[in-house]
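*Asks:* would you be able to build a 3D model of this:
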Amino acid sequence: MKTDKPLIYQTKDSYSKLSFYQRMIECFASAQIVGGKFLDLMNYSKKEFKPLLDLTIAEKIFQPEHGYSSPDGTAELGRVIKKFEVLRTAKNSNIPAEKLEILFKEAGIGVAPGTTAVVSGILHSIAKLKKGEIILPIPTYPVYDDLIKICQCKPVYLYTQRSNNFLPNFNEIINKVTKKTIAIILVYPNNPSFTTFKNSKQLRKLVSYCQKNKIFLIVDNIYQDMIFSNQKHIEIFSLTKKTDYIFKVYGLSKDRPFFSGHRAGYYIGDSRIAEDFLDHCLTNWVCNTNVTKNLLALDLIFRITLLKNLKFPTKDDLLMLGPTLGGWSRSINYDRIYSLIKFRKLFKIYKKNLLLMERKIIKNLRECRNYVNKSKYFEDYSNDLIGNAIIIKIMM
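*Replies:* Alright, predicted model coming up:
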């Protein structure tokens with residue numbers, strides 16, 4: 001029987017068979033149909049938040065042609081991504097930027113439509129080298145389970161404990177390692193528990209173990225700039241002197257209002273998969289548009305400006321952007337871009353709206369946690385003032 005109603009309105013049996021994401025979509029669809037109110041922090045609300053940047057602004061600044069550019073984004077964005085990661089790692093670890101520049105000099109980089117596409121490209125590239133088992137701590141971003149299976153590899157689940165804030169420790173991970181283990185996926189801050197490691201001891205041991213045993217470690221750090229407590233994020237590349245077997249994945253979907261639909265993410269790390277990652281982007285149609293790359297470029301330049309604690313971006317930083325950012329047959333005009341950013345006061349607006357966003361997110365998270373604590377229907381929650389969501393345990 002056909003119906004226009006969401007599956008949640010059909011049978012309980014149908015709903016129970018849905019994946020995590022399908023359930024979430026059905027719940028939002030149901031709320032829209034019945035006119036219910038709900039708080040959606042993941043996609044943000046125009047009533048609560050203001051955009052920092054958008055595609056219209058990026059297009060006006062860069063004036064790209066709507067044609068081809070490099071499939072994996074390295075030609076246009078490679079240098080600025082490396083600079084950003086050097087500065088961010090230096091800030092979070094107190095390691096001199098000069099040393100980190102040496103570390104990242106030969107690092108591989110790849111850009112794709114969101115971190116999901118980036119991890120997909122990494123997994124496909126690893127699987128080309130060798131198929132096998134991939135350790136996946138649970139809970140995690142649910143899509144990674146399917147990505148592992150699509151690559152014809154086997155997910156090995158590591159069920160973490162509430163007593164350890166749903167984070168795996170070193171011994172738990174290596175107890176899952178076998179001769180067939182080719183990779184480990186680690187999400188921190190964790191999604192969906194929104195907890196993170198408080199010291200580097202476990203991570204340092206894991207990095208050393210993976211490099212020694214030639215096991216790839218894929219680290220999803222998409223929520224690292226949404227730690228709203230006094231705790232510092234532990235940079236994975238602050239724990240090693242080489243990038244071998246380590247990948248850091250990051251994207252803009254979570255910590256920038258209204259960026260989730262633009263799909264922009266990248267990896268930095270082991271360079272041995274660079275050609276296979278490029279091939280994956282080409283053959284699976286996972287390439288960003290020129291305008292999306294323009295948006296990513298502008299955001300990265302502004303993030304660098306924030307890390308440098310400057311009032312305005314520098315021309316030298318703009319020159320790190322590849323000339324083909326406007327397309328293969330249209331070189332960008334650096335002087336014009338610099339003048340427009342200054343004239344439109346884009347960085348000032350960006351900084352102001354970013355501060356507004358952070359304050360509102362912190363306020364909303366605290367209100368959610370207070371509500372759970374006072375409610376007679378819930379008995380526990382997980383969120384260490386991180387991210388833009390909260391998981392709640394219903395009283396049984």
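*Asks:* tell me which stretches of the stretch 101-250 of the chain form helices.
*Replies:* In the stretch 101-250 of the chain, the helices defined using DSSP state H, counting those that start in this stretch lie at 114-129, 143-150, 170-174, 201-213.
*Asks:* could you find the closest non-adjacent residue to residue 107?
*Replies:* Nearest residue to residue 107, sequence neighbours excluded (CB to CB, 6 or more residues apart in numbering): residue 243, at 4.8 Å. All C-beta atoms are positioned from the backbone trio N, CA, C, and that covers glycine.
*Asks:* my guess is that neighbour contacts residue 269. True?
*Replies:* Yes. If you go by CB atoms under 8 Å, residue 243 and residue 269 touch, sitting 5.1 Å apart.
*Asks:* quick one, which of these two is more surrounded?
*Replies:* Taking other CB atoms under 10 Å, residue 243 and residue 269 do not tie; residue 269 has more neighbours (26 against 22).
*Asks:* hmm, that one is touching residue 247, no?
*Replies:* Yes. Assessed by CB under 8 Å, residue 269 is found in contact with residue 247 at 3.8 Å.
*Asks:* common neighbours of these two, please.
*Replies:* Contact with both residue 269 and residue 247 is made by no residue, according to CB atoms under 8 Å, 6 or more residues apart in numbering.
*Asks:* ok, residue 105 to residue 125 distance?
*Replies:* Separation of residue 105 from residue 125 (CB to CB, to the nearest Å): 21 Å.
*Asks:* which of these two has more neighbours?
*Replies:* residue 125 (25 against 10).
*Asks:* ok, now which ones touch that one?
*Replies:* Contact partners of residue 125, counting by CB under 8 Å, 6+ apart, are 273, 276-277, 280.
*Asks:* list the buried residues of the helix or strand containing residue 360.
*Replies:* Per DSSP states H and E: residue 360 is located in helix 346-374. The neighbour-count check on helix 346-374 (16 or more other CB atoms under 10 Å) flags 346-347, 350, 353-354, 357, 360-361, 365, 368-369, 372 as buried.
*Asks:* tell me which stretches of the stretch 1-150 of the chain form strands.
*Replies:* 108-112, 133-138 (DSSP state E, counting those that start in this stretch).
*Asks:* can you give the domain ranges for this protein?
*Replies:* Here the domain parsing of the chain from automatic domain parsing is 1-38, 55-340.
*Asks:* lowest average pLDDT across these?
*Replies:* Comparing mean pLDDT across these, the lowest value falls on domain 1-38: a mean of 59.
*Asks:* and the closest residue to residue 373 other than its chain neighbours, how close does it get to residue 360?
*Replies:* Using CB to CB, 6+ apart and skipping the chain neighbours, the partner closest in space to residue 373 is residue 381 (8.0 Å). If you measure residue 381 against residue 360 using CB to CB, the figure is 19 Å.
*Asks:* ok, residue 128 next?
*Replies:* Between residue 128 and residue 360 the distance is 44 Å, computed by CB to CB.
*Asks:* same question for residue 306.
*Replies:* According to CB to CB, residue 306 stands 18 Å off from residue 360.
*Asks:* now the helices for the stretch 251-396 of the chain?
*Replies:* According to DSSP H, counting those that start in this stretch, the helices that the stretch 251-396 of the chain contains are 274-283, 290-307, 315-318, 334-343, 346-374.
*Asks:* run the chain-centre distance for the third one.
*Replies:* For helix 315-318, the distance between its averaged C-alpha position and the chain's averaged C-alpha position is 25 Å (CA atoms, centre = their mean, to the nearest Å).
*Asks:* what's the answer for stretch 195-205, then?
*Replies:* Centre-to-centre, stretch 195-205 and its host chain are 19 Å apart (CA atoms, centre = their mean).
*Asks:* how far does it stretch from start to finish?
*Replies:* One end of stretch 195-205 sits 20 Å from the other (CA to CA, to the nearest Å).
*Asks:* contact partners of stretch 346-364?
*Replies:* 39, 41, 44, 48-53, 57, 61, 226, 228, 256-257, 298, 302, 305-306, 311-313, 340-341, 385, 388.
*Asks:* quick revisit: including distance to residue 146, could the helices of the stretch 251-396 of the chain go into TSV?
*Replies:* TSV is the format used below for these (distance: least, CB to CB, whole Å):
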stretch	distance to residue 146
helix 274-283	16
helix 290-307	24
helix 315-318	38
helix 334-343	40
helix 346-374	29
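*Asks:* any idea which of the ones you listed gets closest to residue 66?
*Replies:* Nearest to residue 66 among the helices of the stretch 251-396 of the chain is helix 290-307 (6.5 Å), distances taken as CB to CB.
*Asks:* tell me what the closest one is packed against?
*Replies:* Applying 3 or more CB pairs under 8 Å, 6 or more residues apart in numbering; DSSP states H and E, one finds that helix 290-307 contacts helix 55-62, helix 74-93, helix 315-318, helix 346-374.
*Asks:* can you tell me the closest non-neighbouring residue to residue 66?
*Replies:* With CB to CB, 6+ apart as the criterion, residue 66 has its nearest non-adjacent residue at 6.5 Å, and that residue is residue 290.
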